[in-house]
Structure formats: structure tokens, C-alpha cells
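Student: turn this into a model:
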Amino acid sequence: METPAKYQTARRTHKTELALIRKAIGRLGGYVYTTHQGPGPGRGRRKGLWGSKGIPDLFCMMWGRSFFVEVKVGRDSLRPEQREFVDVGKAHGVKVVVGDCDAVLHAIQNWFPGRIHVALG
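Tutor: Presented below is the predicted three-dimensional model:
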């Protein structure tokens with residue numbers, strides 16, 4: 001499944017990809033939690049679920065499965081601590097998707113064949 005053309009017209013940013021992933025998983029009945037630190041409402045910075053280096057951007061749950069998403073756009077690549085999380089996660093059976101919204105939807109399609117019809121649009 002590809003992202004609709006209206007989202008492909010401009011270069012998508014990290015922030016845009018996060019929003020697209022949240023929207024897609026939400027429309028599919030899943031839940032998305034932010035794991036990184038970000039600006040809080042009027043209080044400077046707030047912590048996400050963990051706030052440690054190397055933890056992926058999002059923790060997602062849907063249809064009895066949970067997985068992490070590390071958003072990468074364009075030429076972005078994994079930092080060493082992120083690579084370590086992915087490697088350790090794989091060794092322990094933890095699913096980690098690295099990439100953009102298209103990569104996340106592709107992974108979900110592979111885990112649940114035939115359950116995704118339209119995620120965005």
C-alpha cells in the first residue's frame with residue numbers, strides 16, 4: 001500500500017511522517033505512544049515513555065501485536081545506540097520498523113495479510 005499522492009507532493013519531514021504514522025495506525029484501530037522527549041505545554045520539555053537514547057520514536061499496539069517505529073526520512077540513518085536497540089530487539093523477538101509511513105504500512109501488511117484496505121486518504 002502506498003501513501004496517497006496528496007502526501008507525496010512535497011518532501012516529507014520527520015514531523016510529517018510521525019503524524020502520518022499516528023493517523024494511519026489510529027484509523028486501523030491501533031494505539032500509538034510517543035517514546036521520545038518533546039516540548040511540553042508551557043513547561044519546557046516533557047519525557048515520553050522512556051526518554052533514553054536509542055529508544056525508537058513510537059511504540060504501537062494493534063490487533064494483538066506491539067512494535068516500535070524509528071522514523072527515518074531521506075538520508076537519515078540509525079545512530080549507534082538506535083542500531084543497538086534494533087539488534088537487541090530482533091534477538092529477543094521485538095518488532096522494530098525503521099523508515100517512513102510507507103515502511104510501517106508495508107510491515108503491517110506483512111504481519112496481517114488482507115487486513116489493510118485503506119489507511120490514509
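
Student: distance from stretch 59-76 to the middle of the chain?
Tutor: Stretch 59-76 has its C-alpha centroid displaced from the chain centroid by 3 Å (CA atoms, centre = their mean, to the nearest Å).

Student: tell me the span between the first and last residue of it.
Tutor: 20 Å (CA to CA, to the nearest Å).

Student: and it, what's buried?
Tutor: By 16 or more other CB atoms under 10 Å, the buried positions in stretch 59-76 come out as 59, 60, 62, 67, 68, 69, 70, 71, 72, 73. All C-beta spots, glycine's among them, are computed from the backbone N, C-alpha and C.

Student: wait, which of the residues you listed is closest to residue 29?
Tutor: Nearest to residue 29 among the buried residues of stretch 59-76 is residue 62, at 6.2 Å by CB to CB.

Student: wait, that closest one touches residue 26, no?
Tutor: No: using CB atoms under 8 Å, residue 62 is not in contact with residue 26; the gap is 9.5 Å.
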